[in-house]
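Trainee: With the sequence up front, the predicted model follows.
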Amino acid sequence: MNIMERYDVIFHELDLNVERTSTYISGSVTTLAKSKVFKLDTFMFQLHASLILDSVLGAKNQKLNFVRLTDVALVLLDSSYALDQFLQVKIYYHGTPPSGASAAIGNGFSNKASPTYANQITWSLSQPYSAYEWWPCKQSLQDKIDSVFISVTTDSTNKVGANGLLKSITSRPNGKSTYRWETRYKMNYYLVMVTVGQYTEYRAYAKPKQIADSILIQHYIYSNPKAYTNNVNSINATVPLLELFSDLYGLYPFYKEKYGHVMAPFSGGMEHQTMTSLGVMDFGIVAHELAHQWFGDNVTCATWKDIWLNEGFATYSEYLAAKYLTAASNTTTVLNSMFNDAKKSDGNVYVTDTTNVNRIFSSDITYNKGGSAIRVLHYLLGDSLFFKVCRQYQTQNANGNASTFDMNQLVNQLSGKNYNYFFSQWIYGNGIPSYTVKWNQIGSNFILAVEQSNTADPSNLFQLPLPFLIKSTAGDTTIYVQQGEAKNMYNFNIGRTINSIVFDNDNWILKYASLSKDATLSGIEDLFTNNGIRIQPNPASANVYVSGNNLLHAQVSLYDIQGRLCLSTILNGNGTLECSNLNRGVYIAIVKSCDGLVHKQKLVLE
């Protein structure tokens, strides 16, 4: 067992000194932990080698001996701690964090001036493995911290954004102030955050229907007035978005504290628990990061292999936000953008190489293919069951973690059906389906031929009910065909003339597709050929020639698609069929030799 897995983190108190002018950081982190073993005499934590470890104190402020091993430190505790016994260490450190751009977006701790608004900001962004770049911690997804207090002392012209509720602002000597934030919700290590800069605070209140009280929405916007006026629509969208997601997924998980935004000059957003950091502020990214408060913060992926549960649901939530809160044209744009980006790269949604940060956070695969796969699941389950799954996922995994397997089991449980195939094909499998669809109508018979392929993995053919909208002057109707093979042929008796058909009219399925009418399509495939018998040309404009073995005294018959006999003759060897007097269309040619061999073939006269 890794030494860090021998204890459970209960509480952190960060007491830091940070300015907006550089990434230099100093201070202390107090950790309260509980032993998970019968004898714990060594405490291990992570801290990047760029930072200097000054000292480590025990619960009684006594100095503890430690050994530094590059990016980790081993502390000899003052005694051996028994199972479930609490221990406390206080770590003092200082220095300049590294700048190796190892985080999902940039560094674990960064400083930069906004190129648009000129505000200089210092901010943290720890996902997935960069928390240790700016504070001593245990980077384990499975060990959520029960509560975190964050105090930051800085120049009085600054404001400090962090997790939870702002409890106090205390004046200090030399023009300094200390901001104290506290959160008492369980939180993962990579969601702990601080941001320092010159901000103007704007407040609003959301009122989800599940509670009588309101929820504080707290925005830290650059002090440059243009930052607010340029982004006011996105800022104001936060309230209806929080109320919408509370309806869809269950009450906002951290309603007793707040939700908010703090601006920082990076490209994207980061769903820090209760206070998202935003470098770009538009409706889509505000929706995406807010959805993470449910999918990612309240319920965190069990491993980085399961990151699609965070990013896929947040990406699909952008579409849902557009659907419920914006115009239909924008909704179509958002959906098409997700599908188009998902097609840019091949790969499994489920991550196999978690050492590759770029792969973990692949926009094409993790975000957009993940979101597209979730849309397929939504289609398969329907609205009521899909959102029931979303809400149950939140409640049964609240303040904890969930894996792909957990989601699979939940879908099976609530649906009463086996959806293992969906996860096998869309999450663990590679590629997306490509469909070639042809159709024809002969009398009242509607023929549909569907071919499926998957260039990324030909063995991974997708099992889906495919929807087709049938349009006619007598009205429109939707039919569904179950496609799971490379080729499928379907026949329907439709008593009206079809004008056109539309494949997947509501754009549920991520796919490549072509659709065309084929006048040669009859719904009957060649069954078998005996002794090399051939009927050619095919298609034909007039007569056809029948050739092959055993044709002496062979009977040749032509039937139309309704099964009516249209021509019958006896051959004495190879010969010609006189077809010029027959109507143009599709026929079934049947050749019976004198020794009982039968050949069946579709013949098209045009």
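Mentor: Structure's in. What do you need? Numbering: from 1, shown residues only.

Trainee: first vs last residue of stretch 260-267, how far apart are they?
Mentor: Here the two ends of stretch 260-267 are set 18 Å apart, with distance taken as CA to CA, to the nearest Å.

Trainee: 22 is where my numbering starts, stick with that
Mentor: In the new numbering, first residue 22, that becomes stretch 281-288.

Trainee: contact partners of it?
Mentor: Applying CB atoms under 8 Å, 6 or more residues apart in numbering, the contact partners of stretch 281-288 are 126-127, 131, 133-136, 140, 142, 144, 146, 182, 216, 218, 220, 237-243, 248, 256, 259, 295-302, 307. (Each C-beta comes from the backbone N, C-alpha and C, glycine too.)

Trainee: repeat that with 6 Å
Mentor: Under the criterion CB atoms under 6 Å, 6 or more residues apart in numbering, residues 126-127, 133, 135, 142, 144, 182, 216, 239-243, 296-300 lie in contact with stretch 281-288.

Trainee: try stretch 440-448
Mentor: Stretch 440-448 is contacted from outside by 370-371, 394, 425, 429, 432-433, 481, 483-484, using CB under 6 Å, 6+ apart.

Trainee: 8 Å instead, please
Mentor: So stretch 440-448 is contacted by 329, 369-371, 394, 397-398, 401, 425, 428-429, 432-433, 481, 483-484 (CB under 8 Å, 6+ apart).

Trainee: Ok, stretch 166-176 next?
Mentor: For stretch 166-176, contacts defined as CB under 8 Å, 6+ apart pick out 30-41, 181, 183-185, 193, 196-210, 213, 215, 217.

Trainee: How far off centre is that stretch?
Mentor: Mean-position distance between stretch 166-176 and its chain equals 31 Å (CA atoms, centre = their mean, to the nearest Å).

Trainee: Extract the residue ranges of the protein that are flagged as low pLDDT.
Mentor: Judged by pLDDT under 70, the chain has its weakly predicted residues at 22, 544-552, 582-584, 616-618.

Trainee: mind redoing it with 90?
Mentor: Within the chain, the stretches with pLDDT under 90 are 22-23, 121-126, 463-466, 494-495, 503-517, 540-557, 559, 561-564, 566-627.

Trainee: so how far is the longest helix belonging to it off the chain centroid?
Mentor: If you go by DSSP state H, the chain has its longest helix at helix 246-270. Helix 246-270 has its C-alpha centroid displaced from the chain centroid by 22 Å (CA atoms, centre = their mean).

Trainee: which non-adjacent residue is nearest the residue nearest the centre of the chain?
Mentor: Geometric centre of the chain, nearest residue: G333, 1.0 Å, by CA atoms, centre = their mean. Of all residues not flanking G333 in the chain, G391 sits nearest, at 2.7 Å (CB to CB, 6 or more residues apart in numbering).

Trainee: other SSEs contacting the helix or strand harbouring the one you found?
Mentor: If you go by DSSP states H and E, G391 is part of helix 391-402. Judged by 3 or more CB pairs under 8 Å, 6 or more residues apart in numbering; DSSP states H and E, the packing partners of helix 391-402 are helix 329-346, helix 349-363, helix 404-417, helix 425-436, helix 441-443, strand 485-493.

Trainee: Save the ones you listed as TSV, and put in distance to M284 too.
Mentor: What follows is the helices and strands packed on helix 391-402, written out as TSV (distance: least, CB to CB, whole Å):
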stretch	distance to M284
helix 329-346	19
helix 349-363	23
helix 404-417	28
helix 425-436	33
helix 441-443	39
strand 485-493	43
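
Trainee: Quick one: closest of these to K459.
Mentor: Proximity to K459 (CB to CB) singles out strand 485-493 among the helices and strands packed on helix 391-402, at 12.0 Å.

Trainee: if we can go back for a sec, now, the contacts of stretch 281-288 that are in strands?
Mentor: Among the contacts of stretch 281-288, DSSP state E puts 133, 142, 144, 182, 216, 239-243, 297-299 in strands.

Trainee: Look up how far E339 lies from the residue nearest to K344 when sequence neighbours are not counted.
Mentor: Of all residues beyond its chain neighbours, the one nearest K344 is T352 (4.8 Å), with distances taken as CB to CB, 6+ apart. Distance, T352 to E339, by CB to CB, to the nearest Å: 10 Å.

Trainee: following the longest helix of the chain, which helix or strand shows up next?
Mentor: Counting by DSSP H and E, what follows helix 246-270 is strand 280-284.

Trainee: which other helices and strands contact the helix or strand just after that following strand?
Mentor: Next helix or strand after strand 280-284 toward the C-terminus (DSSP H and E): strand 290-291. When contacts are defined as 3+ CB pairs under 8 Å, 6+ apart, strand 290-291 packs onto strand 297-299, helix 304-312.

Trainee: what's in contact with the last one?
Mentor: If I follow you right, that is helix 304-312. For helix 304-312, the external contacting residues (CB under 8 Å, 6+ apart) are 254-255, 258-259, 262-263, 266, 270, 280, 282, 289-292, 297, 299, 334-336, 338-339, 342-343, 347, 355.

Trainee: again, only using 7 Å
Mentor: 255, 258-259, 262-263, 266, 290, 292, 297, 299, 334-336, 338-339, 342, 355 (CB atoms under 7 Å, 6 or more residues apart in numbering).

Trainee: Was I right to think the residue nearest to K344 contacts A342?
Mentor: No: applying CB atoms under 7 Å, one finds T352 not in contact with A342, separated by 9.3 Å.

Trainee: quick one: which of these two has more around it?
Mentor: Shown here are T352 and A342; by other CB atoms under 10 Å, A342 has more neighbours (25 against 17).

Trainee: tell me the contacts of that one?
Mentor: Neighbours of A342 in contact, by CB under 7 Å, 6+ apart: 262, 265, 308.

Trainee: Report how many residues lie close to the last one.
Mentor: Around A308 sit 28 other residues, with neighbours defined as other CB under 10 Å.

Trainee: next one: the first one
Mentor: L262: 24 surrounding residues under other CB under 10 Å.

Trainee: Could you pull up the residues touching it?
Mentor: For L262, the contacting residues are 307-308, 311, 342, by CB under 7 Å, 6+ apart.

Trainee: So which of these is the closest to Q106?
Mentor: Nearest to Q106 out of these is L311 (CB to CB; 39.6 Å).

Trainee: That closest one: how many residues sit nearby?
Mentor: By other CB under 10 Å, the residues close to L311 number 24.

Trainee: V301 now?
Mentor: Number of residues near V301 (other CB under 10 Å) recorded here: 14.

Trainee: how much space is there between it and F360?
Mentor: Here V301 is placed at a distance of 22 Å from F360 (CB to CB).

Trainee: what sits in contact with each of T352 and E339?
Mentor: By CB under 7 Å, 6+ apart, T352 and E339 have no common neighbours.

Trainee: Pairing partners for H620 in the sheet, please.
Mentor: For H620, the beta-bridge partners are V612 (DSSP bridges).

Trainee: hang on, isn't it packed against K613?
Mentor: No: counting by CB under 7 Å, H620 stays clear of K613, with 8.2 Å between them.

Trainee: and those two? which has more neighbours close in?
Mentor: H620 (25 against 15).

Trainee: Show me what the residue nearest to V39 when sequence neighbours are not counted bridges to in the sheet.
Mentor: Spatial nearest neighbour of V39, chain neighbours left out: V217 (4.9 Å); criterion: CB to CB, 6+ apart. Per DSSP bridges, the residues bridged to V217 are T143, V181.

Trainee: Surely V217 touches N140?
Mentor: No: under the criterion of CB under 7 Å, V217 makes no contact with N140, lying 10.9 Å away.

Trainee: So for the two, which sits in the more crowded spot?
Mentor: A direct count of neighbours by other CB under 10 Å for V217 and N140 places V217 higher, at 27 against 20.

Trainee: who's in contact with the more buried one?
Mentor: Per CB under 7 Å, 6+ apart, neighbours of V217: 39-41, 143, 173, 175, 179, 181.

Trainee: Sounds good, over and out.
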